[in-house]
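Peer 1: Predicted model follows, preceded by the sequence.
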Amino acid sequence: MILVALAATSPLAMVRRLGGKRWQRLHRLVYVAVALAVLHFGWAQKKDLAPMLPFVGAILAVLGLRLAARQRHQTVRPSDRPTV
């Protein structure tokens, strides 16, 4: 259901209708969807969790890249630079 809501609100018209902050808050639910997908996959593979490890690794890598990009973006903001 989360992914359906994300797909329905992806077009630019929906971004305008919802407003940027509400749209962004809704689209952050993708993290909840990923966590639930991993949990669901783990429950389905009750005996052997090894097939799940590449997916978990990929998810952690992507989240790590996003976190690094966010940290870099926050530290290099032009408004934060001292004026001379």
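Peer 2: Good, I have the coordinates.

Peer 1: what's the average pLDDT for the helix ranked longest in the chain?
Peer 2: Assignment by DSSP state H gives helix 53-75 as the longest helix of the chain. For helix 53-75, the mean pLDDT works out to 87.

Peer 1: That one packs against which elements?
Peer 2: helix 29-44 (3 or more CB pairs under 8 Å, 6 or more residues apart in numbering; DSSP states H and E). The C-beta positions use only the backbone N, C-alpha and C, and glycine is treated the same way.

Peer 1: how about the helix it packs on as CSV, C-alpha atoms only?
Peer 2: Extracted in CSV, the C-alpha atoms of helix 29-44 (Å, rounded to 0.1, in the frame of the first residue of the first chain):
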residue,chain,number,x,y,z
LEU,A,29,7.7,6.3,3.7
VAL,A,30,9.8,4.4,1.2
TYR,A,31,12.2,3.7,4.1
VAL,A,32,9.4,2.1,6.0
ALA,A,33,8.5,0.1,2.8
VAL,A,34,12.1,-1.1,2.5
ALA,A,35,12.3,-2.2,6.1
LEU,A,36,8.9,-4.0,5.9
ALA,A,37,10.0,-5.7,2.7
VAL,A,38,13.2,-7.0,4.3
LEU,A,39,11.2,-8.2,7.3
HIS,A,40,8.7,-9.9,5.1
PHE,A,41,11.4,-11.6,3.1
GLY,A,42,13.1,-12.8,6.3
TRP,A,43,9.9,-14.3,7.6
ALA,A,44,9.3,-16.0,4.2
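
Peer 1: Give me the angle between that helix and helix 53-75.
Peer 2: Helix 29-44 runs at 160 degrees relative to helix 53-75, counting by axes from the mean of the first three to the mean of the last three CA atoms, to 10 degrees.

Peer 1: how much space between the residue lying closest to residue 38 once chain neighbours are set aside and residue 32?
Peer 2: Leaving out its chain neighbours, the residue that sits closest to residue 38 by CB to CB, 6 or more residues apart in numbering is residue 56, at 6.0 Å. When CB to CB, to the nearest Å is the yardstick, residue 56 and residue 32 sit 16 Å from each other.
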